[in-house]
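Colleague: Dropping a prediction and its sequence here:
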Amino acid sequence: MSKPRSLALPPRTHPRRLLTGRGSFAVLEAVPLGETRGTVLLLPGYTGSKEDFLALLGPLSDAGYRAVAVDGRGQHETPGPRRRSAYSRQALARDAVAQAAALGDGPVHLVGHSFGGLVARAAAWHAPEAFRSLTLLSSGPGRVCRAQRVRVRALRAALAVLSKDRVWQAMRWLDSRGEAPGVVDPPEITWFLHRRWMRTRIVQLSVAGRLLVYGQEGTEQLAKLTVPLHIAYGDGEMVWPVADLAAAARRTGAHHTVVAGAGHSPNVSHPEELADRLTAFWERC
């Protein structure tokens, strides 16, 4: 999951509800100071939320873009039903199309981070007229790497037999083993991460996890998209194999960005550079 470094809202950013033909969604919306050059819809990843894009919203709005980050169905502050069919990739793709329509700015630029990229490419395939471009951020057309498949399978199995709070404690313990000694999250970040986890629907985590583990190769479908395509990731990406991402960019002819020094979440670690790369791509569109 992405871990925001701060929960402070950037200038000209406010939380609100986005009312769509498929329900109400919690969003963070950042607006530019002057003329708007375009609108961007940002979809978060697995176990994530709209707050994953907090550091990116400011640079995007400073560059003249209206940027809207959304909690997907069943994520954090967006409610969701208990039935599994509500979280299929097709259902979530239709949500993204409805969100784009509700923004009221015609075709929008679509950015999907990690699992959000799976939803975003399905949305662009389902309704290409709704989007000016598609950016897959740290997200591939195939399956996640083997280590991540093992991790997600373990998470889904644990959620089936343990309370969410017990699973949370186990996740935090595992994460702490991979961090540098002495690294401690600020209390407000720890509180937020726990709150987000507890508010996210178990069924959303289960179905989304299955899609990550058993996702089908989709490079050929990406190559047939009619919207401009951008594949972006950090050179330290560890969820999708970097070689697979580079190969997908070559095979689809996508605009290709590799952010030096970034891992799975350039939106958190390198927001200024990522915003520059995104806006340069959008200007080409």
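Modeller: Perfect, I can see it now. Here the structure is a predicted model, which means the values were calculated and not measured.
Colleague: from what I can see, His230 looks like it's in a strand, true?
Modeller: Yes: counting by DSSP: H, G, I helix; E, B strand; the rest coil, His230 falls inside a strand.
Colleague: Surely it is in contact with Ser133?
Modeller: Yes: His230 is within contact range of Ser133, at 6.5 Å (criterion: Cβ atoms under 8 Å). Just so you know, the C-beta spots here come from the backbone N, C-alpha and C atoms, and that holds for glycine as well.
Colleague: Need the residues touching each of these two.
Modeller: Listed contacts common to His230 and Ser133 are Phe281; contacts here mean Cβ atoms under 8 Å, 6 or more residues apart in numbering.
Colleague: Geometric centre of this protein: which residue is closest?
Modeller: Pro44 (2.3 Å; Cα atoms, centre = their mean).
Colleague: per-residue confidence at it?
Modeller: Confidence at Pro44, expressed as pLDDT, is 98.
Colleague: That one - nearest residue in space that isn't next to it in sequence?
Modeller: Distance criterion Cβ to Cβ, 6 or more residues apart in numbering; nearest residue to Pro44, sequence neighbours excluded, is Asp52 at 4.8 Å.
Colleague: how far out from the middle of the chain is the lowest-mean-pLDDT helix or strand in the chain?
Modeller: When each helix and strand of the chain is scored by mean pLDDT, DSSP states H and E, helix 164-177 comes last, with a mean of 86. Centroid separation for helix 164-177 versus its chain: 22 Å, with Cα atoms, centre = their mean, to the nearest Å.
Colleague: residues of that helix that come out buried?
Modeller: Lys164, Val167, Met171 (16 or more other Cβ atoms under 10 Å).
Colleague: And for stretch 78-95?
Modeller: Buried, per 16+ other Cβ under 10 Å, within stretch 78-95: Thr78, Gly80, Ala86, Tyr87, Arg89, Ala91, Leu92, Ala93, Arg94, Asp95.
Colleague: do stretch 236-248 as well
Modeller: Buried, per 16+ other Cβ under 10 Å, within stretch 236-248: Glu237, Val239, Trp240, Pro241, Val242, Asp244, Leu245, Ala248.
Colleague: Check stretch 26-45 too.
Modeller: Result for stretch 26-45 [16+ other Cβ under 10 Å]: buried residues 26-32, 38-45.
Colleague: biggest separation within the residues you listed, which pair?
Modeller: Farthest apart among the buried residues of stretch 26-45 by Cβ to Cβ are Pro32 and Gly45. That separation is 25.5 Å.
Colleague: after the least confident helix or strand of the chain comes which helix or strand?
Modeller: Note on helix 164-177: by DSSP states H and E, the next helix or strand toward the C-terminus is helix 187-199.
Colleague: angle of that following helix against helix 164-177?
Modeller: 140 degrees (axes from the mean of the first three to the mean of the last three Cα atoms, to 10 degrees).
Colleague: ok, residues contacting the very next helix or strand once past helix 187-199?
Modeller: Downstream of helix 187-199, the first helix or strand assigned by DSSP H and E is helix 202-214. Helix 202-214 is contacted by residues 46-47, 72-75, 80, 82-84, 86-89, 115, 118, 143-144, 148-149, 152-153, 155-156, 159-160, 164 when judged by Cβ under 8 Å, 6+ apart.
Colleague: Kindly report the same for stretch 235-247.
Modeller: So stretch 235-247 is contacted by 114, 138-142, 144-145, 147-148, 219, 231, 233, 256, 258-264 (Cβ under 8 Å, 6+ apart).
Colleague: what's the average pLDDT for that stretch?
Modeller: The model assigns stretch 235-247 a mean pLDDT of 96.
Colleague: Grab the CA positions of it and hand them over as PDB.
Modeller: The C-alpha trace of stretch 235-247 is given here as PDB (Å, rounded to 0.1, in the frame of the first residue of the first chain):
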ATOM      1  CA  ASP A 235      13.100   2.100 -11.100                       C
ATOM      2  CA  GLY A 236      12.800   0.400  -7.700                       C
ATOM      3  CA  GLU A 237       9.300  -1.000  -8.500                       C
ATOM      4  CA  MET A 238       8.700  -4.200  -6.600                       C
ATOM      5  CA  VAL A 239       5.100  -5.200  -7.100                       C
ATOM      6  CA  TRP A 240       5.100  -5.700 -10.900                       C
ATOM      7  CA  PRO A 241       8.300  -7.000 -12.600                       C
ATOM      8  CA  VAL A 242      10.100  -4.000 -14.100                       C
ATOM      9  CA  ALA A 243      11.100  -6.100 -17.100                       C
ATOM     10  CA  ASP A 244       7.400  -6.800 -17.800                       C
ATOM     11  CA  LEU A 245       6.500  -3.200 -17.500                       C
ATOM     12  CA  ALA A 246       9.200  -2.100 -19.900                       C
ATOM     13  CA  ALA A 247       8.200  -4.900 -22.400                       C
END
